[in-house]
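# just coords:
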DNA sequence: CCCATAATTCGATAATTATCGAAACGTGGG
DNA sequence: CCCACGTTTCGATAATTATCGAATTATGGG
C-alpha cells in the first residue's frame, strides 16, 4: 500500500461534498449513479460535481463508465478496502483498533 | 459520530508530514513523543511541526501534555477508533468491508 | 443534420493550506 | 535573576484547492 495513494484517498474524502458523494456511491453499489444525479442530490452545479468526481477518480476511489449519454460513477470497494487496511495496520495500535459494536455486527468481519 | 469531525480528521491525516507524525505517535503509544523530536525525525522546522500538530490536535487525533520544558504529543486512539467506525459504517459496503488478512490477524476483531 | 441532453474542460476568482524565519513565551538550571 | 532550551505564535508568502458560469465535447433522437 503506497503512502501517496493513502494521502490522495484521505484528501479526496476530506471534503464535505466528496464524502457525501462517496457515501451515496457506496450505498448505490455496482449499479452506480450518473454524475448529474449526484450533482442534483448534493445541490451543487454540474461543473463543481465534475471537479469533485475527478478528485475521487484520481484517488482511485471511484470508477466511471459511459452509458448512453450519462457517465455513471461507482465506488471502488477494493480501493476503500486498501485504505482501511493501511489505516488499520499503520494508524491503529493493537487493542485500540477494535471496530465499534454496531458496525461489527452489520458490516465488518 | 459527527460528519464534521470525520472531515477534519481525514483532512488532518491527508498530509505527508502529519500522516508520518501520527504513525510515529501511534507506534510510540501512551508515552508519546515531544514536539521537537517529531520535528527532527521528520526533518522539518519546529514552527512547521507545530503548525501540523495543531491541525492534528484540532481534529482531536492527538493530545498534548507538558512535561517540564517539553510538550509531549500522544495519539488519541479513541478518536482514531471513532474515525474507523464511521468509515466502516458509512463508506464500506457489507462484504467489501473485510479487513486484509495480515491486519486481521494482528490488529482487528 | 440539427437539436437537446449529459457531462467535462476552461478561465477567472476566492478561499484555504503549507512553509519557515523571526519574535515571543513558559520552564528550569545555575 | 539571567540565560538556555523547547515550543508556539506571528507575519509574510507561496502553493493548493474550491467554486461556478460559459464554452466545448460526446451521444442519440427526430
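Noted; the coordinates are in hand. Note that the structure is a prediction, hence the values are computed from the model and not measured.
# please count neighbours and contacts with C-alpha atoms only from this point.
OK.
# from the middle of its chain, how far away would stretch A:71-82 be?
6 Å (C-alpha atoms, centre = their mean, to the nearest Å).
# which residues does the spatially most central residue of chain A contact?
Central residue of chain A (C-alpha atoms, centre = their mean): residue A:22, 4.1 Å from the mean position. If you count contacts by C-alpha atoms under 8 Å, 6 or more residues apart in numbering or on different chains, residue A:22 has them with A:13, A:75, B:91.
# helix B:77-90 and the helix or strand where residue A:80 lies, what's the angle between them?
Counting by DSSP states H and E, the element that carries residue A:80 is helix A:77-90. If you take axes from the mean of the first three to the mean of the last three C-alpha atoms, to 10 degrees, helix A:77-90 sits at 170 degrees to helix B:77-90.
# tell me the gap between helix A:77-90 and the middle of its chain.
Averaging C-alpha positions (C-alpha atoms, centre = their mean) puts helix A:77-90 12 Å from its chain's average.
# that helix close to chain B?
Yes: Helix A:77-90 comes into contact with chain B (C-alpha under 8 Å from any C-alpha of the partner chain), by way of A:77-78, A:80-82, A:84-85, A:88-90.
# quick revisit: quickly find the element holding the residue nearest to the centre of chain A.
Following DSSP H and E, one finds residue A:22 within helix A:16-28.
# now do the helix or strand just after that helix, average pLDDT.
Sequence-wise, the next helix or strand downstream of helix A:16-28 (DSSP H and E) is strand A:33-34. The average pLDDT within strand A:33-34 is 98.
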